Structures are given as C-alpha cells and as structure tokens.
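Engineer: turn this into a model:
(one chain, ligands or ions: 2)
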Amino acid sequence: MSNAREIPVRNGNRKMSVSNSFDPSLSFSTSPGAVRSPTASHANPAAAAAKQLKPFHTGDIKVLLLENVNKIGQTMLKEQGYQVEALKSSLPEEQLIEKIKDVHVIGIRSKTKLSEKVLKHAKNLFVIGCFCIGTNQVDLKYAAGAGIAVFNSPFSNSRSVAELVIAEIVVLARQLGDRSNEMHAGVWNKVSAGCWEIRGKTLGIVGYGHIGNQLSVLAEMMGMKVIYYDVINLMSMGTAQQVTSLDALLQGADFVTLHVPELPETKNMIGAAQFELMKEGSYLINASRGSVVDIPALINASRSGKIAGAALDVYPNEPAGNGDYFQNDLNRWAEDLRSLKNVILTPHIGGSTEEAQTAIGIEVADALTRYVNEGTTQGAVNVPEVALRSLTADEPNHVRVIFIHHNVPGVLKRVNDILGDHNVDKQMTDSRGDIAYLMADISNVNVNEIKDLYQSLEELSSRIRTRVLY
Ligand SMILES: NC(=O)C1=CN([C@@H]2O[C@H](COP(=O)(O)OP(=O)(O)OC[C@H]3O[C@@H](n4cnc5c(N)ncnc54)[C@H](O)[C@@H]3O)[C@@H](O)[C@H]2O)C=CC1
Ligand SMILES: O=C(O)C(=O)COP(=O)(O)O
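Structural biologist: Ligands and ions are numbered 1, 2, ... in the order given. I've put the predicted structure just below:
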C-alpha cells in the first residue's frame, strides 16, 4: 500500500458546480492532475502513468465507517484525501438515518442494517463497502436501483472461520468449555465419560462454499471423515463426499456445521424436525447467521440430551457494540441458552482475527477507492462488473463517462448519440437483471463541454446515475 502514501491530494479550482451531479454536494474540478492512481498497480500492472480520474476534490468525499473497520482500511481512505469518520460500533436506525444523509461512501460490517428505509435517506450515497463476507444486511436490490454499488470481501476471513470451527469441534468433543468454567470456579472435575477424540468421526458441512471448503481440508487433516450438503453440485476436496439431502447429512454426521448465507430458504433450516434426525449425542455448530437455527428447538434438543453440545457464534439479534447485552431483552431465550451444559457461545468472532481484518480492510478500501476515483465495479455484488484500463497521463483530453441505467432497449443508441461528437476510444457495458452499467472513455473533450455532456445523459429517461470522470 506504499503507493497510496505517495498520492498528492489535488486542490483544483471549483469552477463548474453541477447542481444535479451524482452528488450535489460535490463540485466538478477543471484541473485534473496527472497523478498516479493508488490502485493502478492492482488494476493494470503496466499502467505506471495511469491518470487519476476525479471530477471533484477528494476532500469533498465524505466517508462514514462503522463497526470498528480495520485501521489500515481507514488510513487508505484518509490518504485519498477523503473526509473519514470512523465509529467503533453500529448505529441505531434513527441515528443511522441522520448520519447517512450526507455521506457519499459508507463502510459497515455485519451489524449495520442498510434497509430500503435507511437508504432512502442517503441522498448523496453512491457506494457501500461491506468490510466482511455477508451482504444480507444490505438491501442490494434497492441499492442497485438507486445506483449505489455494493462491495464486500468474499473470502478474506474464510480461513479464520474454518479454524474457529475446527477448534470448536475439539472443544465440544472434550467438554472443554465446561471444564474450564468449573476450574475458574475452583472446581476440579476430572471426567472421561462423554469425551471423545475427533479422529474417525464424521463432520457434516452444510454449505460447501469458501468456508466449507477450507474446513473440509482441515477436518480431513485431523483424521475426520467429511460429508457435505449444498444446493449446487460441487467438486469435493480430498475424499469428502457430497450427500444429496440435508436429511442424509443430519443422519450421517457426528458434528453438523452450518456455512450457508442468510436467505429465505435458510431461515430456521435447523429446527425441531432436523434435531430429531440428528444422531443421538451429536453436536451442532453455527457460525453462519443467527436466522439459520431455531434456538428454542436447540435448547430443547440440548436439555433432552439429543445433542451432546453446540457452538454458536451468531444470533438473530446481536448488539451494536460491546457490553453486557446478551440478556433476554436482546433475545428472549438468551438466559436459557446461557444455562446449557457444553454449549459454547461466542460474540460473532468467526472472522475476527488480525489477519482477516487487515486483509478485508485493504481489499474493501481498495475497491471503494477504485469505484470512487475510476468507476470500475470489479467485485461488486449488486451491479454489473465493468472495468476499462486506466486512462494515462498522455491522454489529457479524455473523459470517462459512467452511465448506470435501467436495462431497457435503445439506451446504447441514445447514449452513443450524445457521445457521438467525440471519439469513443473504448466502451464496455454489461447488465445484471434490471440494471445496466456503461463505461466509455471518449477523447478530444474540451473541459467546457463536460457539463452539457453530463446533463444530456441525465435527461435520458433510462438514467439511474451519471458520473463523468476526467
Ligand atoms: N461468523 C462469522 O464471523 C462469519 C460468518 N460468515 C457467514 O458464513 C456464510 C458462508 O460464507 P462462505 O462460505 O464464504 O459463503 P459461500 O457463498 O462461499 O458459500 C455458501 C455456500 O452455501 C450454499 N448454499 C446456499 N443456500 C443453501 C441451502 N439452502 N442449502 C445448502 N447450501 C446452500 C451455496 O451454494 C454455497 O456453496 C456467509 O454468508 C456469512 O453469512 C462469513 C464469514 C464470517
Ligand atoms: O464476514 C461476515 O459475513 C461475518 O459474519 C463477519 O462479520 P463481522 O465483520 O465480524 O461483523
């Protein structure tokens, strides 16, 4: 990231104020600097002289980071010259609505709910960074329809989650949580009844994606047999075997571990009927999302001895910040859960390692910077992925046009009629459902023409958002 530290922040004149630009609080600058893009080395290794595209003053970009986003990520955004406000916790809805009104970029983790209601107030917002894997906390469809791109970090914390689960398998099999609690209370309780080696036991992985895969490899290294269930047909790691139904997995596994996203189909995926199918004395681990397990059913299965233990990292309601919040007023069964034997409860720390948070901070800050400065959407989860090679310093009169629009017939023709007086050097367009994303680099553009170009595009009925970078 040494590149980022070399970037001078431009202080060009604010000559051309465009009231309905992509953000009315930003002004066009008319003196683009030929500086090296902080992301050029990632985007295009050969682009040492890539021109940084900014039709605005970086200092005008307001970034709000919630939930203790990693310091390196914060620093990278500050080094762009953006105004960065970083808070340690998430915000209650009312406060979030107030705060989000005037920011252009927001960075969150898994707690902050960016619902349609919240996003409707985000008049200036044009990009969201989820500094985590899950994006279920964001209304992705609404965001796309409002021209707000969403980025995440798809696998930077996968290994951390897999390692936690491996640890939990051993801890549950040996009842280590209970023994440790007893010793902390001064009680020596040396027992072997109900304590097992994990060698030769069967691990059932539900959701064989990035985390499921890592876990599969680690579990086999520990001498476990691995079976997995996924809605899609996937290549097995090592000697793992895919089973054709969740029921078959539940009936065959000594340890069941859940790694599915939060979706309507995964809500209460494990409830009373599924506990019934599980082996007597088996174990359940959930480090996916709290909605996936019916907790009262788990409490019953634990009390009846049907399951010998469980580890939970995620809950239907999680507090916005740290404190003694894990009580019945957060989740009505919290105190029942706390009273269970051989049940490990952790505060959503699956991805909370120095390695994962650093990697996520860099990856998402980089994606946000590229989107803000260059308009490229590689890695976006709700809009089409579009990228053009960077403009270079020897292309001074070039302009990059970004037009996010409804995916209806005839738009390309209309856009190209508007761009037609210039040479379109390169253009790329792609669609994702109802949303299309067009990027075009055009040459021989006089700076005085930019405002008209922008406004002509804004007047097209298919328009969702227009950006003109130069
Ligand atoms: N506890 C924590 O701190 C963390 C939790 N997570 C959670 O773990 C989840 C999984 O993460 P990844 O492995 O990276 O996701 P992934 O997207 O790589 O894999 C998810 C897998 O689940 C499968 N799947 C979807 N619906 C299913 C269903 N109904 N039945 C069976 N399989 C289904 C998918 O086909 C996919 O293979 C994330 O969505 C996130 O919610 C992720 C990181 C950290
Ligand atoms: O990456 C994810 O999806 C997680 O659940 C981790 O969330 P966090 O960044 O710890 O709020």
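
Engineer: does anything pack onto the helix ranked longest in the chain? Which helices or strands?
Structural biologist: Scanning the chain for the helix with the most residues, using DSSP state H, yields helix 354-374. Using 3 or more C-beta pairs under 8 Å, 6 or more residues apart in numbering; DSSP states H and E, the elements in contact with helix 354-374 are helix 40-43, helix 71-79, strand 105-108, strand 127-130, strand 149-151, helix 158-173. Yep, even glycine has a C-beta here, placed from its N, CA and C like the rest.

Engineer: just the pLDDT at the residue in the stretch 251-400 of the chain positioned nearest to ligand 2, thanks.
Structural biologist: Nearest residue of the stretch 251-400 of the chain to ligand 2: residue 351, at 3.8 Å (C-beta to the nearest ligand atom). At residue 351, the model reports a pLDDT of 98.

Engineer: what residues does the stretch 51-200 of the chain have near ligand 1?
Structural biologist: Within reach of ligand 1 by C-beta under 6 Å from any ligand atom, the stretch 51-200 of the chain has these residues: 133, 134, 155, 157, 158, 161.

Engineer: I'd guessed the second one sits against residue 260; true?
Structural biologist: Right, residue 134. No - with contacts defined as C-beta atoms under 8 Å, residue 134 does not count as touching residue 260, sitting 10.8 Å away.

Engineer: just name the shakiest helix or strand of this structure by mean pLDDT.
Structural biologist: None of the helices or strands of the chain scores lower by mean pLDDT, DSSP states H and E than helix 2-5, at a mean of 28.

Engineer: skipping its backbone neighbours, what lies nearest the residue in the stretch 101-250 of the chain positioned nearest to ligand 1 in space?
Structural biologist: Nearest residue of the stretch 101-250 of the chain to ligand 1: residue 209, at 1.7 Å (C-beta to the nearest ligand atom). With C-beta to C-beta, 6 or more residues apart in numbering as the criterion, residue 209 has its nearest non-adjacent residue at 6.4 Å, and that residue is residue 259.

Engineer: dump the residue contacts of the one you found.
Structural biologist: Going by C-beta atoms under 8 Å, 6 or more residues apart in numbering, residue 259 touches 161, 205, 206, 207, 208, 209, 211, 212, 215, 287, 288.

Engineer: just say helix, strand or coil for the residue nearest to the first one when sequence neighbours are not counted.
Structural biologist: Of all residues beyond its chain neighbours, the one nearest residue 161 is residue 350 (4.0 Å), with distances taken as C-beta to C-beta, 6+ apart. At residue 350 the chain is in coil, as set by DSSP: H, G, I helix; E, B strand; the rest coil.

Engineer: start at 18, not 1
Structural biologist: All right, first residue 18 from here; so that's residue 367.

Engineer: and the gap between residue 367 and residue 304?
Structural biologist: 4 Å (C-beta to C-beta, to the nearest Å).

Engineer: what residues are shared contacts of these two?
Structural biologist: Counting by C-beta under 8 Å, 6+ apart, the shared contacts of residue 367 and residue 304 are 178, 181, 182, 330, 331.

Engineer: show the contacting residues for the last one.
Structural biologist: In other words, residue 331. Residue 331 neighbours (C-beta under 8 Å, 6+ apart): 303, 304, 305, 306, 307, 309, 365, 367.

Engineer: and if we set it to 10 Å?
Structural biologist: 127, 151, 275, 279, 303-310, 363-367 (C-beta atoms under 10 Å, 6 or more residues apart in numbering).

Engineer: buried subset of the residues you listed?
Structural biologist: For the contacts of residue 331, a burial check counting by 16 or more other C-beta atoms under 10 Å picks out 127, 151, 275, 279, 303-310, 365, 367.

Engineer: closest to residue 108 among the shared contacts of residue 367 and residue 304?
Structural biologist: For the shared contacts of residue 367 and residue 304, the minimum distance to residue 108 (C-beta to C-beta) is 20.1 Å, reached by residue 331.

Engineer: nearest spatial neighbour of the residue in the stretch 168-317 of the chain that ligand 2 sits nearest to, skipping sequence neighbours?
Structural biologist: Ligand 2 sits closest to residue 174 of the stretch 168-317 of the chain, with a gap of 5.3 Å, by C-beta to the nearest ligand atom. Sequence neighbours aside, residue 368 is the residue nearest to residue 174 in space, at 3.1 Å (criterion: C-beta to C-beta, 6+ apart).

Engineer: the one you found against residue 305, yeah?
Structural biologist: No - if you go by C-beta atoms under 10 Å, residue 368 and residue 305 don't touch, sitting 11.6 Å apart.
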